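Predicted coordinates and the sequence they were generated for:
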Amino acid sequence: MGGGAGEKPVLIRWEERDGQKVAVRHDGRLAAQLRPIRMEVGVLSNADGSALVEYGGTRVLAAVYGPREAHPRHMALPDRAVIRCRYHMAPFSTAERKTPAPTRREVELSKVIREALEAVVLTELFPRTAIDVYMEVLQSDGGTRTAAITAASLALADAGIAMRDLVAGVAVGKVDGVLVLDIDEIEDNYAEADMPVAMAPNLGRVLLLQLNGVLAHDEFVQAMELARKGIQTIYKLQKEALRRKYVEVVQEGDEQ
Amino acid sequence: MVRIHVQSRSIVLPGDIIAEGNDIVVESPFIERKGNQYYATITGLVNVQQLEDGKYKISIIPLEGAYIPKSGDIVIGLVKDIGLTHWEVDIASPYKGILTIQEVLDRPFNPAVDSLKKYLDVGDYIVAKVVAFDRARDPLLTIKGKGLGRIVEGSIVEIKPSRIPRVIGKKGSMVNMLMNETGCEIVVGQNGRILVNCPNKDLEEIAILSIKKIEVEAHTTGLTERVREFIREEKARRGV
């Protein structure tokens, strides 16, 4: 969001490490390194399923309701469930207050996330119903749509909605001519390119692919490979987070 | 050749590969097939069983999820609305139950002179059976039959419908143990609502706490014995 206004900070430093020149980013990460990621499942008790996902400073809460009776009734489809998505940024999620009304950007992201989820959810198991997915960005530091999609797929799994695979997302960017994984807000503001990707790793399918800026063909191929590796790591964390929920209960049960 | 990738009774997540091969029988809507690989689409406990003919049977017991009606299920419903010749019943499911007058009365009914309100009113709880349900229409209920009808006494506990198989237990072992230990009468609805009818308040509280305990620890082993111990401890503590 917004161009690179004002003085451009140093985003990439070249350092000698083990006799090789490596690009080090403004927060000390290497080019192919993710931010610290934290995931928690089942954080809300009123929703059927929920998850909180953090990619560094980006924090997204997702809640899922359903399958439930579709209202208004004319929205319901005779052969499958409808998925309704809302991606929204909280007014306090950015440095300057964001108006709570859905912007054009949020409407678009809701749509692309919905389409990504429709590809994995077995909607034909629940005809004439609706599945509601709410994603609230609590704090924004770049990569919110990919964090949102990661959180949404965890919340869907938590709600017990059948899906072919979990979905994980990450953004790749090009900063000062270097391809970097999981770009944050500052990098994004001065980046030559920003490419959010979401995949269903076990199915080997790309479910979301957007590109802001310009990448050469070989750069695009490299960027996709970078994203794929990042997504594999995130996917493992997702599975761990889901398993953890049940392991904790087992331990509680053993104590008694 | 069959390769099984999971342990029986372990937790599987969406996307997890369960088995590979040809001699596999799938008994769950929550297992998908890609080539000769079978993978889970839901969070649940997987069951792998070798059949007599050497084939493997795989199924998943979901740990979460809404109640999807099945004909023959006993459900506990709440009357939500009255039509001219039918009631609309909330059965804690994405689909609302339809109870027609024919499934309540044995004699002809004339809506011009008689009112459905006399028989069942909004807010009444009923024990009903699902007669028919397909994907195109809402489930049809009946209250004709033994043990079915309007609920006049007892308390209703609501838990996640996916935990109901655990409350019933293998061949009803869990629910029978609950009834023996607490002396309560218990009717388990497949839709996650449970009717408990107890001799006194203390026993009712114990029964409800036990059911809640089963809900939380549904995926653990040795649960029946733990719950039995819990009931005995509570009974001793309360002196009943």
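Yes, it's here.

show me the contacts for the residue in chain A that chain B sits nearest to.
Nearest residue of chain A to chain B: A:Gly160, at 2.8 Å (C-beta to the nearest C-beta). Glycine gets a C-beta too; all of them are placed from N, C-alpha and C. For A:Gly160, the contact set (C-beta atoms under 8 Å, 6 or more residues apart in numbering or on different chains) comprises A:48-49, B:42-43, B:62-66, B:162.

Can you tell me what sits against stretch A:64-82?
A:47-50, A:121, A:123-134, A:152, A:155-156, A:158-159, A:161, B:66, B:94-96, B:135-136.

repeat that with 6 Å
A:48-49, A:123-124, A:126-133, A:155-156, A:159, B:66, B:94 (C-beta atoms under 6 Å, 6 or more residues apart in numbering or on different chains).

Kindly report the same for stretch B:80-95.
A:67-69, A:129, B:66-67, B:69, B:75, B:77-79, B:96-101, B:111, B:116, B:120, B:138-139, B:191-192.

tell me which residues of it are tucked away?
B:82, B:86-95 (16 or more other C-beta atoms under 10 Å in any protein chain shown).

Measure how buried the closest residue in space to B:Leu223 that isn't next to it in sequence is and give me the count.
In space, and not counting its chain neighbours, B:Leu223 is closest to B:Glu217: 5.9 Å by C-beta to C-beta, 6 or more residues apart in numbering or on different chains. By other C-beta atoms under 10 Å in any protein chain shown, the residues close to B:Glu217 number 22.

for B:Glu217, phi and psi?
phi -110, psi 30 (degrees, to the nearest 10).

re earlier: which among the contacts of stretch B:80-95 count as buried?
Buried by 16+ other C-beta under 10 Å: A:67-69, A:129, B:66-67, B:69, B:75, B:77-79, B:96-101, B:116, B:120, B:138-139, B:191-192, out of these.

hang on, the earlier thing: buried ones among the contacts of stretch A:64-82?
A:48-49, A:123, A:126-133, A:155-156, A:159, B:66, B:94.

The buried residues of stretch B:80-95: which two are farthest apart?
B:Ile82 and B:Pro94 (21.7 Å; C-beta to C-beta).

need the residues of chain B near chain A, please.
Counting by C-beta under 6 Å from any C-beta of the partner chain, chain B comes close to chain A at B:11, B:13-15, B:30, B:32, B:41-43, B:62, B:64-66, B:94, B:135, B:217, B:219-220.

so where's chain B uncertain?
Counting by pLDDT under 70, chain B contains no low-confidence range.

Check the stretch 101-250 of chain A too.
Applying pLDDT under 70 to the stretch 101-250 of chain A flags the ranges A:248-250.

about what we covered before: where does the residue of chain A closest to chain B fall, secondary structure wise?
Assigned by DSSP states H and E, A:Gly160 falls within no helix or strand.

roughly how far apart are it and A:Val206?
Using C-beta to C-beta, to the nearest Å, A:Gly160 is found at 26 Å from A:Val206.

now swap in A:Pro100 and tell me
32 Å.

more crowded one of these two?
A:Val206 (16 against 11).

And the residue nearest the centre of chain B, its phi and psi?
What sits nearest the mean C-alpha location of chain B, by C-alpha atoms, centre = their mean, is B:Gln190, with 2.2 Å. For B:Gln190, the backbone dihedrals (degrees, to the nearest 10) come out as phi -60, psi -20.

what's the closest non-adjacent residue to it?
B:Asp73 (4.1 Å).

try A:Asn202
B:Gly15 (4.2 Å).

Next, count neighbours for that neighbour.
24.

secondary structure class for it?
coil (DSSP: H, G, I helix; E, B strand; the rest coil).

now B:Ala66
Per three-state DSSP, the secondary structure class of B:Ala66 is coil.

In contact with it, which residues?
A:67, B:94.

give me that answer again for 8 Å
Residues in contact with B:Ala66 (C-beta under 8 Å, 6+ apart) are A:48, A:66-68, A:126, A:160, B:93-94, B:161.

swap in A:Ile12?
Each residue near A:Ile12 by C-beta under 8 Å, 6+ apart is listed here: A:23-26, A:175-176, A:178.

All the strands of chain A, in order from the start?
A:12-17, A:20-25, A:37-41, A:49-55, A:58-69, A:82-89, A:129-139, A:168-175, A:178-181, A:193-200, A:205-209, A:212-213 (DSSP state E).

Any buried residues in stretch B:214-230, and which?
So stretch B:214-230, judged by 16+ other C-beta under 10 Å, has buried residues B:214-215, B:217-220, B:223-224, B:226-228, B:230.

Now do the end-to-end distance for that stretch.
11 Å (C-alpha to C-alpha, to the nearest Å).

And that stretch, how far out from the chain middle?
Centroid separation for stretch B:214-230 versus its chain: 17 Å, with C-alpha atoms, centre = their mean, to the nearest Å.

Give me the residues contacting it.
For stretch B:214-230, contacts defined as C-beta under 8 Å, 6+ apart pick out A:246, A:249-250, A:252-253, A:256, B:9, B:11, B:45, B:63, B:159-160, B:162-163, B:166-167, B:169, B:173-174, B:177-178, B:181, B:209-210, B:213.

Got the domain ranges for chain B?
B:3-62, B:74-150, B:155-238 (automatic domain parsing).

So for A:Ala95, which of these sits nearest?
Among the domains of chain B, the nearest to A:Ala95 by C-beta to C-beta is domain B:3-62 (36.5 Å).

Might one say that B:Ala127 is in contact with B:Arg193?
Just so we're on the same page, residue B:127 is Val rather than Ala. No - checked against C-beta atoms under 8 Å, the pair B:Val127 and B:Arg193 is beyond contact range at 9.3 Å.

So which of the two has more stuff around it?
The residue with more neighbours, out of B:Val127 and B:Arg193, is B:Arg193; 24 against 19, by other C-beta under 10 Å.
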